[in-house]
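A.B. asks: got a predicted structure here, sequence first:
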Amino acid sequence: MLNPIILFLAIIFDRIIGELPEKIHPTVWIGKLIASLERIFESTNCKNKYRDFLFGSLITIVTVSVVGIVAIFVEKFILLLPFPLNYLIYAFVLSTTIGYKSLFEFCKKPIEYIKNGDIEKARKAVQHIVSRDASKLDEEHILSAAVESLSENITDSIIGALFYAVIFGLPGAFVYRAINTLDAMIGYKNEKYLWYGKLAARLDDIANFIPSRIAGILLIITAPLYKGNIKKAIYGFLKEANKVSSPNSGYTMATLANALNITLEKIGYYKLGSGKIDVEKSLKAFKAVDYVVIMFLIIYALIWWVV
């Protein structure tokens, strides 16, 4: 089991440094590997679904394997270094699999613009974090989109990587990030990727199954700390999570929406919670994420100490 000190340091490094430059960012390298494989094993745009599935699966397996093998060797090298250098370098490398600071930066921008009364800038900012057309969204739906993205990515950007790091170390965190990147690049339900990205999308669903539910439960446990309603949070977790098409993201989105008594709505797709959303409640969502991360680290540290 990974020493919890390394997890604490990784979070600190991410919150201070944030994302590395693209030239040296491991996730960018993973993306370039996937793009290169896509050029070699091209999709037929559903003209031959068997070939698409075979080639897409091959890309997925090669990417996960390469990332996992490289991460194993990197971890072995780091562990040969003397203490405390090995802890510091291990934590720094692990921090590159976490998107805590960048998640906050992207999701806070539209909320800050709404706070300052600039709805056009808010629409442009929120368009960077959601796929829906944001050009005609009103203030409430802009705030909703920002909080939806924040709550959905509690798992993808933070808890998922930490969860697999504590079980499988650095290779676990990087394989998880590779699966996320594969899903983000080829896991779409359109003509090009419907069969091509099938395995990548299913792997992402499987990888996020446990972390998403852990994150949802932590949102319930910490609800009093961010001034949320614990009973409503439980209701959201149990009753509304399945309103979202994703088998995982609804557990954090519905739980947070109900805990804060706000409505998160993607028009024509889902509506979670029931209260009116505003800037103040939206900013509470960021505190909720902080408490979830802190609680995860505390609980893991206790488990590690007992074991």
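C.D. replies: Thanks, I have the structure now. This is a predicted model, so every value here is computed, not measured.
A.B. asks: tell me where the stretch 1-150 of the chain has strands.
C.D. replies: Applying DSSP state E, counting those that start in this stretch to the stretch 1-150 of the chain gives no strands.
A.B. asks: distance between stretch 254-273 and the chain's centre?
C.D. replies: 18 Å (CA atoms, centre = their mean, to the nearest Å).
A.B. asks: got the buried residues for it?
C.D. replies: 254-260, 262-266, 270, 272-273 (16 or more other CB atoms under 10 Å). The way it works is simple: take the backbone N, C-alpha and C, and place the C-beta from them, glycine included.
A.B. asks: nearest residue to residue 204 in space, please, no chain neighbours.
C.D. replies: In this structure, residue 204 finds its nearest non-sequential neighbour in residue 183, 3.7 Å apart by CB to CB, 6 or more residues apart in numbering.
A.B. asks: show me the contacts for that neighbour.
C.D. replies: Neighbour list for residue 183: 197, 200, 201, 203, 204 [criterion: CB atoms under 8 Å, 6 or more residues apart in numbering].
A.B. asks: re the thing from before, taking the buried residues of stretch 254-273 together, which two end up most distant?
C.D. replies: The distance between the two most remote of those (CB to CB) is 18.9 Å, for 259 and 266.
A.B. asks: where does pLDDT dip in the stretch 151-300 of the chain?
C.D. replies: By pLDDT under 70, the stretch 151-300 of the chain contains no weakly predicted segment.
A.B. asks: hey, where'd the helices end up in it?
C.D. replies: 160-186, 198-221, 230-235, 250-259, 279-306 (DSSP state H, counting those that start in this stretch).
A.B. asks: nearest to residue 145, out of the ones you listed?
C.D. replies: Nearest to residue 145, of the helices of the stretch 151-300 of the chain and by CB to CB, is helix 279-306 at 10.4 Å.
A.B. asks: about what we covered before: what I need now is the contacts of residue 183 written out in a markdown table, including distance to residue 247 for each item.
C.D. replies: Shown next, in a markdown table, are these (distance: CB to CB, whole Å):
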| residue | distance to residue 247 |
| --- | --- |
| 197 | 16 |
| 200 | 15 |
| 201 | 11 |
| 203 | 13 |
| 204 | 10 |
